[in-house]
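>>> sequence and predicted structure are below.
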Amino acid sequence: MREHNGGPKGQEMIERVVSINRVSKVVKGGKRFKFSVLVVVGDGIQNVGIGIGKAREISEAVRKGIEKAKKNQVELKRVGSSIPHDIVGHFGAAEVLLKPAAPGTGVIAGGAVRAIMELGGVSDVLTKVIGRTSNPINVAYATMKALKGLRTPAEVMRLRGKEAPQAQEA
């Protein structure tokens, strides 16, 4: 995990390499190896993004992945330390279920989903990969798709054309 400046509004950006995949191409002289790296970048508050970098060296692939992740950031919708509602994200054969959790529960997730949630600033959430694949790239994309579909209660009220309830005075 490395930290850099240069994120939105000058916050410290945290980067986490989720998976490294070595791929090979057979050529006349033997095999040529390249690396495909999945990187998650977030500020730990509410912005998170994912990117895939491909290169002959791991360090170059990580750098490319970080650049792409910074360009593909989304703003997480949160209520307290959790997400506003249950949601399922689909990408390819991957399905990811995200459920809000009570304060103090922690991040119940594995692999790519855990990295995305932690770097997005969500500290209480229950998750389950329920699709037919556990491919970290597809799981990461499914998680990001689910996060883009989240709506806060105030947004839902506004979309329905209703006013948010006012706090009653005692």
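Received the coordinates, thanks.
>>> drop to CA atoms for contacts and neighbour counts, all remaining ones
Will do.
>>> for the strand ranked longest in the chain, buried residues please.
Within the chain, and with DSSP state E defining each element, the longest strand by residue count is strand 13-27. Neighbour-count burial for strand 13-27, counted by 16 or more other CA atoms under 10 Å, picks out Met13, Ile14, Glu15, Arg16, Val17, Val18, Ser19, Ile20.
>>> wait, the fourth one touches Val39, no?
Yes. Between Arg16 and Val39 a contact is recorded at 5.7 Å, counting by CA atoms under 8 Å.
>>> state the mean pLDDT of the longest strand of the chain.
When the per-residue pLDDT values of strand 13-27 are averaged, the result is 95.
>>> any idea which helix or strand comes after it?
Sequence-wise, the next helix or strand downstream of strand 13-27 (DSSP states H and E) is strand 30-42.
>>> so how far is that next one off the chain centroid?
Once both centres are worked out by CA atoms, centre = their mean, to the nearest Å, strand 30-42 turns out to sit 18 Å from its chain's centre.
>>> can you list the neighbours in contact with that strand?
By CA atoms under 8 Å, 6 or more residues apart in numbering, the list of residues contacting strand 30-42 from outside reads 13-26, 48-58, 61-62, 65-66, 69-70, 73, 115-116, 119-120, 137.
>>> what's the helix or strand that comes right after that strand in contact with?
Later in the chain than strand 30-42, the nearest helix or strand by DSSP H and E is strand 47-55. Taking CA under 8 Å, 6+ apart as the criterion, the residues outside strand 47-55 that touch it are 34-42, 60-76, 116, 119-121, 140-141, 144.
>>> okay, the angle between strand 47-55 and strand 30-42?
Between the direction of strand 47-55 and that of strand 30-42, the angle (axes from the mean of the first three to the mean of the last three CA atoms, to 10 degrees) works out to 170 degrees.
>>> strand 47-55 versus strand 13-27: what angle between them?
Interaxial angle of strand 47-55 relative to strand 13-27 (the same axes, to 10 degrees): 30 degrees.
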